[in-house]
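[1] What would the 3D arrangement of this be:
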Amino acid sequence: MSLEQKNCTINGLKQGLWEDYHSNGQLSDKGNYHNGKKHGYWESYWSNCQLWSKSNYRNGKRHGSWENYNYNGQLTHKGHCHNNKLHGLWEEYWSNGQLWRKGNYHNGKPHGLWEYYYNNGQLHSKGNYYYGQKHGLWEYCHEDGELEKQEFYCEATHE
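    Below is the predicted model of the structure:
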């Protein structure tokens with residue numbers, strides 16, 4: 001398939017496989033459009049050819065699995081989106097590759113158990129969110145893993 005066939009418009013709307021390029025000629029983005037909106041699996045690249053993101057869309061909105069990488073190709077975060085909002089399990093990483101935090105989102109807000117880590121891999125804190133607000137018992141640890149304090153939150157409300 002030639003480049004001119006990959007970037008197609010019908011009635012002024014992007015359709016089918018589409019590729020965009022950085023000014024240095026390297027591939028920037030590759031994915032499909034349907035009726036002018038991103039649809040299906042997409043990959044994006046940094047100008048140094050390293051993968052920047054793997055993502056999924058439905059009718060122009062983020063929907064499905066999502067991964068992002070830094071300029072050196074290291075995973076920075078991964079998770080799922082539903083109707084353009086973070087939804088389900090998400091994990092984010094420090095620049096050294098250690099897990100920074102993990103937890104669930106519900107309709108774009110943290111919900112349920114979340115764990116946060118120091119960049120050495122030790123647990124920093126853990127507790128639950130209720131629709132974006134801390135709720136219940138939270139534990140906070142020193143960088144060596146020793147328990148520092150516990151706090152209890154009980155004012156979370158659902159809007």
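
[2] Show me the domain layout of the protein.
    Split into domains by automatic domain parsing, the chain comes to 1-86, 94-159.

[3] you'd agree R62 is up against H80?
    No: with contact defined as Cβ atoms under 8 Å, R62 does not reach H80; the gap is 9.2 Å. In this view, the C-beta of every residue, glycine as well, is placed from N, C-alpha and C.

[4] all helices in the chain, in order from the N-terminus.
    Along the chain, the stretches classed as helices by DSSP state H are 3-6.

[5] for it, what spans make up the strands?
    Listed in chain order, the strands of the chain (DSSP state E) span 8-10, 13-21, 27-34, 37-45, 51-58, 61-69, 75-82, 85-86, 88-93, 99-106, 109-117, 123-130, 133-141, 147-153.

[6] In TSV, list these along with mean neighbour count.
    TSV is the format used below for the strands of the chain (neighbours: other Cβ atoms under 10 Å):
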stretch	mean neighbour count
strand 8-10	12
strand 13-21	15
strand 27-34	17
strand 37-45	17
strand 51-58	18
strand 61-69	17
strand 75-82	18
strand 85-86	18
strand 88-93	16
strand 99-106	18
strand 109-117	18
strand 123-130	19
strand 133-141	16
strand 147-153	11
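
[7] can I get those in CSV with mean pLDDT?
    Listed next are the strands of the chain as CSV, based on pLDDT from 0 to 100:
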stretch, mean pLDDT
strand 8-10, 89
strand 13-21, 93
strand 27-34, 96
strand 37-45, 97
strand 51-58, 97
strand 61-69, 97
strand 75-82, 97
strand 85-86, 97
strand 88-93, 98
strand 99-106, 98
strand 109-117, 98
strand 123-130, 97
strand 133-141, 96
strand 147-153, 96
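
[8] G88: what's it in contact with?
    Contacts were defined as Cβ atoms under 8 Å, 6 or more residues apart in numbering; by that measure G88 touches 79-80, 82, 104-105.

[9] ok, the closest residue to N59 other than its chain neighbours to Y57 distance?
    Counting by Cβ to Cβ, 6 or more residues apart in numbering, N59 lies nearest to K37, which is 5.3 Å off, once chain neighbours are set aside. Counting by Cβ to Cβ, to the nearest Å, the gap between K37 and Y57 amounts to 7 Å.
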